[in-house]
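sequence-free structure coming up:
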């Protein structure tokens, strides 16, 4: 029995985008991939709005927590590295030990929903939009992997 390929989602704080991506992939294709997330400057907790909008999709990420990328760098074989923000794209190591081919280092920049302004509902709408964009990108990527 072979191990599932590991997909590591990276973002600066590992509090919203990468946590939502981890939860989404686990739900969409958890039987095929091991979803992980980390940040190069991890926050102390997951953003409460990320938890809220994921629950709207029936996905509970409340038990996940921000992790430093050094927990994985050079210690875990990562099959796919997915960078979700500009800052991390600029500062993340370009060479990742264990990553077999450069094509498996993906760059999917999404706006930071934590930077949204306005009342609670307006901010929630921004989080929902980013969640949905990540979900769509994951669906496209999974279809691409399936197409071989």
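Thanks, I have it. All values reported here derive from a predicted model rather than from experimental measurement.

mind listing the strands for this protein?
Assigned by DSSP state E, the chain shows strands spanning 6-11, 34-39, 80-83, 105-107.

I'd say residue 26 and residue 32 touch.
No - under the criterion of CB atoms under 8 Å, residue 26 makes no contact with residue 32, lying 10.5 Å away. In this view, the C-beta of every residue, glycine as well, is placed from N, C-alpha and C.

and the two? which has more neighbours close in?
residue 26 (18 against 13; other CB atoms under 10 Å).

which ones are touching the nearest residue to the more buried one once chain neighbours are set aside?
Distance criterion CB to CB, 6 or more residues apart in numbering; nearest residue to residue 26, sequence neighbours excluded, is residue 35 at 4.5 Å. Residues in contact with residue 35 (CB atoms under 8 Å, 6 or more residues apart in numbering) are 7, 9, 21, 22, 23, 25, 26.

before we move on, back to that, go through the strands of the chain and name the closest to residue 62.
strand 34-39 (14.2 Å; CB to CB).

okay, the angle between the closest one and strand 6-11?
Going by axes from the mean of the first three to the mean of the last three CA atoms, to 10 degrees, strand 34-39 is angled at 30 degrees with respect to strand 6-11.

if we can go back for a sec, kindly state the pLDDT recorded for the residue nearest to residue 26?
Residue-level confidence at residue 35 comes out at 97, pLDDT.

That one and residue 117, how far apart?
Using CB to CB, to the nearest Å, residue 35 is found at 30 Å from residue 117.

longest helix of the protein?
What stands out as the longest helix in the chain, according to DSSP state H, is helix 120-147.
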